[in-house]
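Undergrad: got a predicted structure here, sequence first:
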Amino acid sequence: MKPAKARKPAAKQAAKRPSIMTGASIPVLRWPPDEDRVGTIFEHLAGVMPDPKTELNFSNPYTLVVAVALSAQATDVSVNKATDALFKVADTPAKMLALGEEGLIPYIASIGLYRGKARNVIALSRIVLEQHGGEVPLNRADLQALPGVGRKTASVVLNELGIEAAIAVDTHVFRVSHRLGLANAATPDKVEAQLFKVVPEEWLPKAHHWLILHGRYTCTARRPKCLSCLIADLCPSRAGLLALGEAG
């Protein structure tokens, strides 16, 4: 009888980065960061973007909620293309309900996950109309109770309308916060908590927009523009990104 062959050890699979961390490296830096450095970062960002706003098109709180809900896993550009036509015919909950789910779908079919988003928009419109008199509730609890409106969407709405100095941690905010050493936590909610502890109070109302816009146009996921970044000298990740050839 032949001796049994020894089993070969299973090949180790390379660990995958979470989807939120794709692109160039995101280091895990020591936290909390130096207060003076953090203050200077936001001073510089304020110097070039004194009045940052969302890039989503809206005309009232209702269209803002709808636009932000539609923007999940989609670009602002793609949402604006869809809502430019949509909001001409349905810019109130009553008009959206009259349009109906099947009537809404053709307007947003170019946006990812459009069927689920259509259901949520119609459902939230019904709640706003029936439970809130047609006016979007501008408090966190009621906003987050609307279908398709989670903590991040509520934060964007409350921040944009100047009701609450909220920080919605999307992929851009998550990435930029880590690279700048403003946060080192592994989840968006924990990053949000860290940001509230280290961002100076005077910069909180606009910090959300500065971090998003900086991540969208400069500190991009792949090949961040470190050589032309206005806060490169304040970034603890710059040298490593350049050394790895992951930045330009």
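TA: Everything's here; your move.
Undergrad: check which residues of the helix or strand bottoming out on mean pLDDT in the chain are buried.
TA: None of the helices or strands of the chain scores lower by mean pLDDT, DSSP states H and E than helix 238-243, at a mean of 90. For helix 238-243, a neighbour-count test (16 or more other C-beta atoms under 10 Å) marks Arg238, Leu241 as buried. Quick note: C-beta positions are derived from backbone N, CA and C, even for glycine.
Undergrad: go on, stretch 134-153?
TA: Of the residues in stretch 134-153, 136-138, 140, 142-143, 146-149, 151-153 count as buried by neighbour count, 16+ other C-beta under 10 Å.
Undergrad: for stretch 131-151, which outside residues touch it?
TA: Identification of contacts with stretch 131-151 by C-beta atoms under 8 Å, 6 or more residues apart in numbering yields 61-62, 64-65, 68-69, 72, 92-94, 116-117, 119-121, 123-124, 127-128, 153-154, 157-158, 161, 163-164, 168, 189.
Undergrad: go on, stretch 211-226?
TA: 22-24, 45, 49, 52, 167, 170-173, 175-177, 179, 228-232, 235, 238, 241-242, 246-248.
Undergrad: buried subset of these, written for PyMOL?
TA: Provided next is the PyMOL selection string for whichever of those are buried by 16+ other C-beta under 10 Å:
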select buried, resi 24+45+52+167+170+171+172+173+175+176+177+179+229+231+232+235+238+241+246+247
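Undergrad: for the longest helix anywhere in the chain, what is the distance to the chain centroid?
TA: Secondary structure of the chain per DSSP state H: the longest helix is helix 114-131. Its chain's C-alpha centre and that of helix 114-131 lie 21 Å apart, by C-alpha atoms, centre = their mean, to the nearest Å.
Undergrad: next secondary structure element downstream of that helix?
TA: As assigned by DSSP states H and E, the chain's next helix or strand after helix 114-131 is helix 140-144.
Undergrad: center of this protein - which residue?
TA: Asp170 (2.5 Å; C-alpha atoms, centre = their mean).
Undergrad: for that one, what are phi and psi?
TA: phi -100, psi -170 (degrees, to the nearest 10).
Undergrad: output stretch 236-246 as PDB, nothing but the C-alphas.
TA: Output in PDB follows, covering the C-alpha atoms of stretch 236-246 (Å, rounded to 0.1, in the frame of the first residue of the first chain):
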ATOM      1  CA  PRO A 236       2.500  63.200   6.100                       C
ATOM      2  CA  SER A 237       1.700  60.900   3.200                       C
ATOM      3  CA  ARG A 238       3.200  62.900   0.400                       C
ATOM      4  CA  ALA A 239       6.700  61.500   0.600                       C
ATOM      5  CA  GLY A 240       5.500  57.900   0.700                       C
ATOM      6  CA  LEU A 241       3.100  58.300  -2.200                       C
ATOM      7  CA  LEU A 242       5.800  59.900  -4.400                       C
ATOM      8  CA  ALA A 243       8.400  57.300  -3.400                       C
ATOM      9  CA  LEU A 244       6.000  54.500  -4.400                       C
ATOM     10  CA  GLY A 245       5.300  56.200  -7.700                       C
ATOM     11  CA  GLU A 246       1.600  56.400  -6.800                       C
END
